[in-house]
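1. Whatever this is, show me its structure:
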Amino acid sequence: MTAKTTLKEIAERTGVSVSTVSRIINSPDDTFARKPIRDKVWEIVRETGYTPNQSARALKRSTESPAKKPLTVTCILGRTRNFEDNPFFAQVARSVEQQALSMGCSVSKPYSVLDVSERLLLKEAGSVKADGAIVLGRFKAGMRNFFENHYKNIVYVGRNVIDADWDQVVCDGYEAGKTALRYLMELGHRRIGYIGETKDEVRYRAYADAVKECGLDDDRALVASFPQDSAGGYRGAGYLLRASVPRPTAVFCATDISAVAAIKRFSEAGIRIPEQLSVIGMDDIEIAQYVTPMLTTVSIPKVELGKVALHTLLDRINGVHRLPIKIFLPHKLLIRESTAKPKVSE
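-> Purely as a prediction, here's the structure:
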């Protein structure tokens, strides 16, 4: 980039006002403006290496010193091909990028380790000399060496702790799962189904432990082992409709995106939510409060995960800490409309 990109130039390329671009970049929950416009703005930000005017920001934040050369950070998707497939990590990544810009860093285009060949992956990683990387979600064991060979400074973000000597920012999916199941039991549900992955998945372990420890119905037909995406949620609901007799009175979905799809499948089968079947998810993605009925879920602090990850990465780059650290953030139960007490007849 030969000349510093300005908000005005981004606005002209996007076809919106400068104030709109500014508000999109600084939106605390990434909800300002329509999604296509937001995505276009951030695409240009990454493409141009845009960084805010640090002289102006220094006046606003007198305790901060503007960097002589902006640090570059990148986000890497560990287990999904793109953000459309995983709105949870999409919001975490957006939080990382917003925080990076606010601190005078440059952000590069994120990429996935799943959708490119090894040769293209090497090219993708080498195309931008990032000072640090934030890995979003778990990844295949063989990828650890790839990350460590290409990035000196790495922070992992997810709902599961991983076996790596990296800094990790985690919201414990096991405890969040226990919270979801505890709430369903408090409502009176004993026959609870599960939709999600089962191998090395702490949310499934929370389900399995609850079944064992609390004397819930122990029926393998209640476990729909499917990917934790929209297609997996839809297929998982179909499996429960076919295999579980009697059907569960409640279903715990490992993610909101799978829960929304499951509700669609159950509704297509004529099952009323929550009168006949309660559904609870995890994450609190944007769509969760707009579906009908609004989804009861366990909220994972996506914005905070992104902010803490970025601060942790910069501390690592600047030598503030040397030993790998683990930071755990809390979750919160959000009771909405998709759960209710089971019918007495059930």
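
2. where in the stretch 51-200 of the chain is pLDDT low?
-> 53-68, 115-128 (pLDDT under 70).

3. Same check on the stretch 201-346 of the chain?
-> 344-346.

4. show me where it has helices.
-> Per DSSP state H, counting those that start in this stretch, the stretch 201-346 of the chain carries helices over the ranges 202-214, 230-243, 256-268, 302-317.

5. Of the ones you listed, give the one that comes closest to residue 30.
-> The closest of these to residue 30 is helix 302-317. By CB to CB, the value is 8.0 Å. C-betas here are computed from N, CA, C, even on glycine.

6. next one: phi and psi at residue 73?
-> As for residue 73, its main-chain torsions (degrees, to the nearest 10) stand at phi -120, psi 150.

7. so which of the helices of the stretch 201-346 of the chain gets nearest residue 158?
-> helix 302-317 (8.7 Å).

8. Pull out the buried positions in that closest one.
-> 302-303, 305-314, 316 (16 or more other CB atoms under 10 Å).

9. ok, and what's touching it?
-> 28-30, 71, 73, 88, 91-100, 103, 105, 131-134, 153-155, 157, 167, 169, 171, 283-284, 321, 325, 327, 329 (CB atoms under 8 Å, 6 or more residues apart in numbering).

10. Send over that helix as PDB, restricted to the C-alpha atoms.
-> Below are the C-alpha coordinates for helix 302-317, written out as PDB (Å, rounded to 0.1, in the frame of the first residue of the first chain):
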ATOM      1  CA  LYS A 302     -18.100 -13.500  21.700                       C
ATOM      2  CA  VAL A 303     -17.100  -9.800  21.700                       C
ATOM      3  CA  GLU A 304     -15.100 -10.300  24.900                       C
ATOM      4  CA  LEU A 305     -13.400 -13.400  23.500                       C
ATOM      5  CA  GLY A 306     -12.200 -11.400  20.600                       C
ATOM      6  CA  LYS A 307     -11.100  -8.400  22.600                       C
ATOM      7  CA  VAL A 308      -9.200 -10.500  25.200                       C
ATOM      8  CA  ALA A 309      -7.600 -12.600  22.500                       C
ATOM      9  CA  LEU A 310      -6.300  -9.600  20.700                       C
ATOM     10  CA  HIS A 311      -4.900  -8.000  23.900                       C
ATOM     11  CA  THR A 312      -3.400 -11.400  24.800                       C
ATOM     12  CA  LEU A 313      -1.700 -11.600  21.400                       C
ATOM     13  CA  LEU A 314      -0.300  -8.100  21.600                       C
ATOM     14  CA  ASP A 315       1.000  -8.800  25.100                       C
ATOM     15  CA  ARG A 316       2.700 -11.900  23.700                       C
ATOM     16  CA  ILE A 317       4.200 -10.000  20.800                       C
END
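
11. so where does residue 33 fall, helix or strand?
-> Under DSSP states H and E, no helix or strand contains residue 33.

12. Spatially, what comes nearest to it if we skip its sequence neighbours?
-> residue 24 (5.4 Å; CB to CB, 6 or more residues apart in numbering).

13. What of residue 212?
-> residue 218 (7.4 Å).

14. The one you found and residue 190, how far apart?
-> 11 Å (CB to CB, to the nearest Å).

15. what about these two, which has more around it?
-> More neighbours surround residue 190 than the other of residue 218 and residue 190, with 16 against 9 (other CB atoms under 10 Å).

16. Next, the contact list for the more buried one, please.
-> Residue 190 neighbours (CB under 8 Å, 6+ apart): 215-217, 249.

17. Let's verify it: helix, strand, or coil?
-> Three-state call for residue 190 (DSSP: H, G, I helix; E, B strand; the rest coil): coil.

18. From residue 274, how far out is it?
-> Counting by CB to CB - residue 190 and residue 274 are separated by 16 Å.

19. circling back: how many neighbours does the residue nearest to residue 33 have?
-> By other CB under 10 Å, the residues close to residue 24 number 24.

20. what helix or strand is it on?
-> Going by DSSP H and E, residue 24 is in helix 18-26.
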